[in-house]
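Undergrad: Take this sequence and fold it.
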Amino acid sequence: MKQYTQAEQIEIQKKYVAEQPKDVGLAEDKYLIQSMRSTRYSSEAHALADLCDNSIEAGATRVEIIYKTDERNRVEEIAIADNGCGMIPDMLRHAVRWGGSTRFGSRNLFGRFGFGLPSAALKHGTAYSVFSRIDGVDQFHSVTVDFAEIERLDGRVKAPEPKRDDLPEWVRKALSGSSKFPFNDVKTVVVLMKRDSALKWRDLKKSVSNTLDHFGVTYSSFLSQCSIAINGKLVESVDPLFITPTAKYYKLLSDGIETKATDHTIPAIQVRDRNGNSHDVKLRISLLDKQAWEADVDLDGEIVGQKRLQIKKNYNGILVYRNGRFIELYKWNEYYWQNYTRQVGVALDFPAELDELFGITPDKQTVIFSDLIEEKLLNDSGLRQIIRRLENQVQEERRREVEASNIFDPNTPRPSERVAAKLDEIQTRPSNSSETKKEAETNRKRRIKEQSALTGLPEAIIEDQFNREDAVRLRVPYRIEFFEGRSGEPFFEPRPEGSLFIIKINTSHSFYTEFYSRLIGRDPFAQSGVELLLTLMGRAEVDAMGEKRAYYIEARNKLSNDLGQGMHMLPAELTATQSETNIDELLSRSIGE
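TA: Predicted coordinates for the structure are as follows:
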């Protein structure tokens with residue numbers, strides 16, 4: 001690596017300055033634009049939402065997002081059309097500038113910084129055009145920004161001059177064809193072009209599906225005043241707390257019984273801005289019991305899958321809204337958001353006057369709670385205690401269900417335990433190593449101490465009880481037990497303990513909550529088969545020694561992680577073949593109502 005001398009660096013500076021124009025601003029235009037292209041958007045849907053914000057702020061009552069695809073159904077271009085107020089020609093060149101906004105500093109709705117249009121448009125590709133008019137019978141004017149052309153320019157980068165123009169033929173055809181959007185109502189159209197190969201959703205189906213889901217949550221509060229269609233499919237309101245009567249999945253059927261989330265909303269908390277003015281921060285809280293959590297039929301009798309479960313898996317934390325628009329999912333570092341917490345919904349809505357306290361970023365995707373906000377949330381509102389109480393209700397309901405539905409007598413060996421013991425009799429199994437024997441004895445002593453501390457009985461009495469139990473189950477040394485693990489712990493754990501071999505199943509892992517628990521009391525054969533499989537896997541791990549044992553443990557940890565992610569993804573795949581609601585069906589349904 002070459003290290004320039006101080007003299008050399010001075011000469012480099014002189015050469016650079018000589019090549020620059022005399023009239024310079026506070027930023028190097030080309031490099032600024034290049035860096036702004038890297039604005040963090042979690043996905044194309046988040047970037048599209050930044051553009052949709054502009055439409056709603058402009059007074060649009062209708063937004064259409066349409067796609068141009070190639071022969072392989074990959075997205076080439078996207079157009080966002082609205083019937084807002086439109087823009088006068090001279091405003092167009094300012095609209096594509098960073099900070100060029102009539103709403104800079106506004107706290108009324110979404111806008112504030114004026115970065116949304118250029119940043120979001122260039123997220124999709126290297127070029128975009130904006131077409132606009134203020135009267136539906138006028139011709140459009142347009143401006144185009146092409147990053148590839150900007151890179152070839154020397155000196156200052158000037159905003160493009162507006163020109164009279166027609167919409168691209170594919171856009172005009174789409175808006176004049178199957179769209180329910182009268183063409184004369186169209187005022188502004190943003191066309192995203194030259195898409196990058198690194199984008200997340202190249203496929204049309206994935207892009208439409210994911211954007212529909214994101215917009216349903218993001219604009220849940222605004223869809224009654226502005227309808228949004230994505231490739232002909234109408235966005236429907238989704239409240240991940242399921243306590244909004246007009247939103248999807250507010251009511252679902254489980255075994256023919258109507259289910260709803262229970263509303264535990266608390267009064268708004270008062271927070272002062274930096275000028276000392278007080279504002280309401282709204283807190284909504286809900287709880288889904290197990291029946292509501294697993295409901296999978298709509299009121300028309302159509303199987304929709306466990307939609308509430310799928311949505312809550314993606315929103316396990318505090319949903320943060322700004323002026324009613326969803327921003328992001330926030331999680332306290334000190335709080336453990338586990339599987340049971342998913343049945344508890346928490347949403348926070350703050351006004352834009354508190355932006356500084358919530359650390360809202362220009363891309364409207366991130367909030368960073370100040371210490372004051374966390375103090376208000378955790379202590380003043382009692383939110384932490386409420387979440388814990390509701391989470392405990394979920395755990396208690398699950399525990400009672402398991403006890404009520406357990407078909408096996410806890411005082412006698414389970415079928416899976418008996419079969420494992422019989423397999424030992426007909427197979428040659430290696431004797432426990434000295435290492436395993438030591439581990440088993442250590443585990444037994446630990447169990448005795450834990451039970452003694454829990455019951456208050458002397459350790460000698462607890463040990464005597466264990467010895468009598470072991471004598472009863474001498475020929476069946478296997479035992480299935482359960483434990484409530486924490487995030488990242490394996491879905492099961494083999495544990496030699498004295499003369500016993502225990503398989504401990506993690507009741508917090510999605511393997512248990514989404515799969516195994518559904519077998520209890522309903523399918524004895526499948527339940528026993530799963531237990532036997534875990535027992536044999538655990539036995540193989542404990543029988544291994546040295547590096548081989550370490551390999552088994554590492555493999556179990558990785559399998560647990562992959563299985564947890566897979567269980568979260570599986571419900572969506574099971575319902576993926578169901579057709580999405582068509583805009584015509586939704587419109588006719590709403591008319592019928």
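Undergrad: Check this structure for its longest helix and report it.
TA: helix 546-574 (DSSP state H).
Undergrad: what packs against it?
TA: Applying 3 or more Cβ pairs under 8 Å, 6 or more residues apart in numbering; DSSP states H and E, one finds that helix 546-574 contacts helix 307-314, helix 510-511, helix 524-543. All C-beta atoms are positioned from the backbone trio N, CA, C, and that covers glycine.
Undergrad: of those helices, which approaches Ala295 most closely?
TA: helix 307-314 (6.7 Å; Cβ to Cβ).
Undergrad: Show the low-confidence segments of the stretch 251-400 of the chain, by residue range.
TA: 332-340, 361-365 (pLDDT under 70).
Undergrad: can you give me the helices for it?
TA: Secondary structure of the stretch 251-400 of the chain (DSSP state H, counting those that start in this stretch): helices at 290-294, 307-314, 355-358, 371-375, 383-405.
Undergrad: Pipe these into CSV and attach mean neighbour count per row.
TA: Formatted as CSV, these follow (neighbours: other Cβ atoms under 10 Å):
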stretch, mean neighbour count
helix 290-294, 19
helix 307-314, 20
helix 355-358, 18
helix 371-375, 13
helix 383-405, 15
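Undergrad: And those helices: which comes nearest Ala60?
TA: Ala60 lies closest, by Cβ to Cβ, to one member of those: helix 355-358, at 23.7 Å.
Undergrad: what packs against that closest one?
TA: When contacts are defined as 3+ Cβ pairs under 8 Å, 6+ apart, helix 355-358 packs onto strand 318-322, helix 371-375.
Undergrad: how much does the helix or strand hosting Thr436 deviate in direction from helix 524-543?
TA: Counting by DSSP states H and E, the element that carries Thr436 is helix 434-455. Relative orientation of helix 434-455 versus helix 524-543 (axes from the mean of the first three to the mean of the last three Cα atoms, to 10 degrees): 120 degrees.
Undergrad: Check the offset of helix 434-455 from the chain's centre.
TA: A distance of 41 Å separates the centroid of the chain from that of helix 434-455, by Cα atoms, centre = their mean, to the nearest Å.
Undergrad: on contacts alone, who are the packing partners of that helix?
TA: On a contact count with 3+ Cβ pairs under 8 Å, 6+ apart, helix 434-455 meets helix 459-472, strand 492-497.
Undergrad: Pick the most buried one from these.
TA: strand 492-497 (a mean of 22; mean count of other Cβ atoms under 10 Å).
Undergrad: Show me what it pairs with in its sheet, parallel or antiparallel.
TA: Strand 492-497 pairs in its sheet with strand 500-506 (antiparallel), by DSSP bridges.
Undergrad: How far does the strand it pairs with sit from its chain's centre?
TA: Centroid separation for strand 500-506 versus its chain: 33 Å, with Cα atoms, centre = their mean.
Undergrad: circling back to that earlier point, okay, the helices and strands packed on helix 434-455 in a markdown table with mean pLDDT and distance to Gln306 next?
TA: Listed next are the helices and strands packed on helix 434-455 as a markdown table, based on pLDDT from 0 to 100; distance: least, Cβ to Cβ, whole Å:
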| stretch | mean pLDDT | distance to Gln306 |
| --- | --- | --- |
| helix 459-472 | 79 | 40 |
| strand 492-497 | 92 | 24 |
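Undergrad: tell me, how many neighbours does Lys123 end up with?
TA: Burial of Lys123 is recorded as 25 neighbouring residues (other Cβ atoms under 10 Å).
Undergrad: Could you pull out the buried residues of the longest helix of the chain?
TA: Within helix 546-574, the residues that count as buried by 16 or more other Cβ atoms under 10 Å are Arg549, Tyr552, Arg556, Ser560, Leu563, Gly564, Met567, His568, Pro571, Ala572.
Undergrad: which ones are touching the residue lying closest to the first one once chain neighbours are set aside?
TA: Nearest-residue entry for Arg549: Glu541, 6.7 Å, with adjacent residues in sequence omitted and distances by Cβ to Cβ, 6 or more residues apart in numbering. Glu541 sits next to Pro494, Arg549, Tyr552, Ile553, Arg556 when contact means Cβ atoms under 8 Å, 6 or more residues apart in numbering.
Undergrad: ok, and what's touching stretch 217-228?
TA: Taking Cβ under 8 Å, 6+ apart as the rule, stretch 217-228 contacts 49, 52, 55-56, 60-65, 215, 234-240, 244, 246-247, 315, 319, 321, 324-326.
Undergrad: which ones among those are found in helices?
TA: Reading helices off those with DSSP H, I get Ala49, Cys52, Ser55, Ile56, Phe215.
Undergrad: gap between Val137 and Asp185?
TA: For Val137, the distance to Asp185 equals 11 Å [Cβ to Cβ, to the nearest Å].
Undergrad: of those two, who's got more company?
TA: Taking other Cβ under 10 Å, Val137 and Asp185 do not tie; Asp185 has more neighbours (14 against 6).
Undergrad: Am I right that that one is in contact with Arg62?
TA: Yes: contact criterion Cβ atoms under 8 Å: Asp185 and Arg62 qualify, at 6.9 Å.
Undergrad: Need the overlap of contacts for the two.
TA: Asn83.
Undergrad: Checking my notes, Leu457 in a helix, right?
TA: No: counting by DSSP: H, G, I helix; E, B strand; the rest coil, Leu457 is not part of a helix but coil.
Undergrad: Please list all residues in contact with it.
TA: Contacts of Leu457 (Cβ under 8 Å, 6+ apart): Gln451.
Undergrad: Now do the phi/psi pair for it.
TA: Phi and psi for Leu457, reported as degrees, to the nearest 10, are phi -80, psi 150.
Undergrad: then stretch 189-204 to PDB, C-alphas only?
TA: Coordinates of each C-alpha in stretch 189-204 appear next as PDB, following Å, rounded to 0.1, in the frame of the first residue of the first chain:
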ATOM      1  CA  VAL A 189     -46.900   9.000 -12.800                       C
ATOM      2  CA  VAL A 190     -43.400   7.900 -11.600                       C
ATOM      3  CA  VAL A 191     -41.800   5.300 -13.900                       C
ATOM      4  CA  LEU A 192     -38.900   3.300 -12.400                       C
ATOM      5  CA  MET A 193     -36.500   2.100 -15.100                       C
ATOM      6  CA  LYS A 194     -33.200   0.300 -15.600                       C
ATOM      7  CA  ARG A 195     -33.700  -1.900 -12.600                       C
ATOM      8  CA  ASP A 196     -30.600  -3.400 -10.900                       C
ATOM      9  CA  SER A 197     -30.000  -7.100 -10.900                       C
ATOM     10  CA  ALA A 198     -29.300  -7.100  -7.200                       C
ATOM     11  CA  LEU A 199     -32.900  -6.200  -6.300                       C
ATOM     12  CA  LYS A 200     -34.700  -8.500  -3.900                       C
ATOM     13  CA  TRP A 201     -37.800  -9.400  -5.900                       C
ATOM     14  CA  ARG A 202     -37.100  -9.800  -9.600                       C
ATOM     15  CA  ASP A 203     -40.100 -12.100 -10.100                       C
ATOM     16  CA  LEU A 204     -43.500 -10.400 -10.700                       C
END
